[in-house]
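1. sequence plus the predicted model coming up.
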Amino acid sequence: MSKFGSRMTLLQKGVLLCLLLIVGPMLLMFWYSSEKAAHAIQLQVAGAFYQLNMQNHVTLDRVIDSVDGSMVTMIGNSLIQNFRTDTSSSGLSRVREYVSLERLLSHYSVNVSYSLFLFVDNPADYSFAPSYDIANSGVIFVRDASALPWLRRAVDANGVPGMGIIARFSSRDQQEVALYRAIRSITDDNRIIGVLVATTNFGQLLKADIQAVHLPAGTEVYLTDRAGQTYAGSAPIGSVVSIPPNATRLQDGVYVTGQDMYVTHNSEYYDNRLLYKIPMNSLVGESRNIQGIIQTISLVYLAVLFFFLLYAVRMILRPLTRLSQSVRNFQPGHELAIVPEMTRTDEIGYLYRSVQKMTANINELIRDRYLMEIRQKESELILLHSQITPHLLYNTLDSIYWYGLRGGMPEVAEMVKDLSTLLRIGLSRGKELIRVKEERQHVEAYLQLQEKRYNHSFRYSLEVDADAEEGLVPKVIIQPLVENSIVHGIGKMDGEGEVSVRVYRQRDRLLVEVADNGFRPVNLEKIQAILSGQADPDKGFGIRNVHKRIQLRFGDEFGLAYEVRPGGGALARIRLPWLPGPEGAPRLNGADPEKQGQDQSS
């Protein structure tokens, strides 16, 4: 494939790339957008029918609420509530009660027929009333709820209204939809004394409301229970209707198969469901027309795109080819040739001018690098010369040291020796990190100098744990803290001052503590302002320098902090990461006046 690509011209590659990266993806995009448009239309249609289904179902619930409201009114009527279920009343009284109850039921029977099942001890005492398998409606006396299965369900519902399919009273081989509710006695410990049921024409009333909604041709509508048993609609009462298991869920309450769309909504108050079964052919007709329009637009767009690509090839690829040749022939140090395309005001002209500027920058970088190499050589010479100065200084201090010893001034000689140690470790050949034991030598030399300066008016202790001696620390970080303790803490305490330095390791941390017993109160707020850079920059330069050097190298979690020492004075603590020194690392070979003197004397 690479050999084949290398034999293709830039024009051929451009056409191939246009086909692969523009035309092909555009065709795919148009096909995808067409499918997405159809899907979007399907979603909109599904949402509209779901809202219609929900509104239709709310209307059906209102019809059921109306019937149920009449039933609640009848249940609260005194004729039903005061009915006696025992046989203590005379036969004439029972007949009168029966007639009154019949009149009550007929008063509410406008569009729906109501039947009242009353539980009595001995139904034979009410033989004058028709039985449930003869009458279509009216008052029916039974012993208990075991007479019919739906009576048992009504009693078990404990006063909650229920819907179900029951056998028509006067024709046991036919079924109808009924709404029933158990009757509780208000005066007799809420005992259930019967069941009130709405039967004849109740299902027809529901079906009329279902058919009042305008739906696409071929749509089937079903009002069912949760198990799918039909109450009313396009199927006979009692038939089972359900959503196919292979249906795909499109959104809440909407499912689709290859042929149909199922829209369903469950009642919030009654245990039923309204289901629409809509043929897909009646829904996607308009969607297919839209897809055809999109496809036509896509073909026209591709034709326009093809002619545009031909124009772009002539206007872009040819200048790019010439630019490629110019860049290929460019040699560093030489100017790029001026071509007519540089005067163009479009992107091609900008690209030509950018390449010309880039080649000019390359030539300038070459010249800068040449100058930089010359300056680097000069810097190396200056560095070599600068190394002579410390060497001369160490030799001079060594001469003063031996002069002091021979002249009977050992304290002066020791001070020169300490000063030499300070300078040697402070310079450290330009290194920033030194070993802990070398930093200890530095601070010990400084303490010895200060002890002689203050005429031994203070005591000091220097403790470094053995496991911390080989660690690395930034050089000259302890001496400024010791100096701060002497100058501001114990410098004027006449022999009572103490300075202690401790360096120890704590897991992955190295801690340095400098404490003094100074008598002056410690102003922690002022020290914190110095460390944070908020105080006068001319004050506290030493400790601020130590703090900032540590944070710049290791991060904000490390650095210097002060606190009040128990018993008086200040305690400075440095937190550093533990950095083990490399094995076999060379020690500083600076001038050691004592050792050098021994060598010279020998």
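-> Perfect, thanks for sending it.

2. ok, then the element right after the helix or strand where residue 33 lies?
-> In this assignment (DSSP states H and E), residue 33 forms part of helix 24-75. The C-terminal neighbour of helix 24-75 among helices and strands, as given by DSSP H and E, is helix 78-81.

3. alpha carbons only: can I get that next one in CSV?
-> This file holds the C-alpha atoms of helix 78-81, laid out as CSV (Å, rounded to 0.1, in the frame of the first residue of the first chain):
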residue,chain,number,x,y,z
SER,A,78,-79.3,5.3,55.9
LEU,A,79,-81.5,2.7,54.1
ILE,A,80,-78.4,0.6,53.5
GLN,A,81,-76.6,1.5,56.8
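
4. make 569 the first number, not 1, from now on.
-> Fine by me, first position is 569 from now on; the one you just mentioned is helix 646-649.

5. what are the buried residues along that helix?
-> residue 648 (16 or more other C-beta atoms under 10 Å). C-beta coordinates here come from the backbone N, C-alpha and C atoms, glycine included.

6. list the helices and strands that helix packs on?
-> Packing contacts for helix 646-649, counted by 3 or more C-beta pairs under 8 Å, 6 or more residues apart in numbering; DSSP states H and E, involve helix 659-676, strand 760-766.

7. so how far is it from its chain's centroid?
-> 64 Å (C-alpha atoms, centre = their mean, to the nearest Å).

8. pLDDT value on the residue nearest to residue 812 when sequence neighbours are not counted, please?
-> Leaving aside its sequence neighbours, residue 812 sits nearest to residue 825 (C-beta to C-beta, 6 or more residues apart in numbering; 5.7 Å). pLDDT recorded at residue 825 is 87.

9. how many neighbours does residue 825 have?
-> Residue 825 has 14 neighbours, counted by other C-beta atoms under 10 Å.

10. what residues are up against it?
-> Counting by C-beta atoms under 8 Å, 6 or more residues apart in numbering, residue 825 makes contact with 812, 814, 815, 816.

11. over to residue 850?
-> 784, 785, 786, 787.

12. got it, and residue 883?
-> So residue 883 contacts residue 916 (C-beta under 8 Å, 6+ apart).

13. can you add mean pLDDT and mean neighbour count and give the helices and strands packed on helix 646-649 back as JSON lines?
-> Formatted as JSON lines, the helices and strands packed on helix 646-649 follow (pLDDT from 0 to 100; neighbours: other C-beta atoms under 10 Å):
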{"stretch": "helix 659-676", "mean pLDDT": "84", "mean neighbour count": "15"}
{"stretch": "strand 760-766", "mean pLDDT": "88", "mean neighbour count": "24"}
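
14. before we move on, the earlier item: which of the contacts of residue 850 lies closest to residue 690?
-> residue 787 (52.9 Å; C-beta to C-beta).

15. which residues touch that closest one?
-> Contacts of residue 787 (C-beta under 8 Å, 6+ apart): 844, 845, 846, 847, 850.

16. can you tell me the SS state at residue 805?
-> Recorded secondary structure, residue 805: coil (DSSP: H, G, I helix; E, B strand; the rest coil).

17. wait, doesn't it sit right on residue 733?
-> Yes: taking contacts as C-beta atoms under 8 Å, residue 805 lies within contact range of residue 733: 6.0 Å.

18. need the overlap of contacts for those two.
-> 743, 744, 745, 799.

19. reformat these as TSV; add pLDDT.
-> Converted to TSV, the shared contacts of residue 805 and residue 733 look like this (pLDDT from 0 to 100):
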residue	pLDDT
743	80
744	82
745	84
799	83
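
20. make CSV from those and add secondary structure to it.
-> Shown next, in CSV, are the shared contacts of residue 805 and residue 733 (three-state DSSP):
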residue, secondary structure
743, strand
744, strand
745, strand
799, strand
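
21. what separates the residue nearest to residue 812 from residue 811, distance-wise?
-> 9 Å (C-beta to C-beta, to the nearest Å).

22. and for residue 926?
-> Between residue 926 and residue 811 the computed distance is 67 Å (C-beta to C-beta).

23. and those two? which has more neighbours close in?
-> residue 811 (16 against 13).

24. that one: what's it in contact with?
-> 823, 830, 832, 843 are the contacts of residue 811 under C-beta under 8 Å, 6+ apart.

25. and the nearest residue to residue 1101 once chain neighbours are set aside, how many neighbours?
-> Excluding its sequence neighbours, the residue lying closest to residue 1101 (C-beta to C-beta, 6+ apart) is residue 1112, at 6.8 Å. Using other C-beta under 10 Å, residue 1112 is surrounded by 20 other residues.

26. ok, now which ones touch the residue most central in space within the chain?
-> The centroid of the chain falls nearest to residue 819 when counting by C-alpha atoms, centre = their mean (25.8 Å). Applying C-beta under 8 Å, 6+ apart to residue 819 gives the contacts 611, 614, 615, 618.
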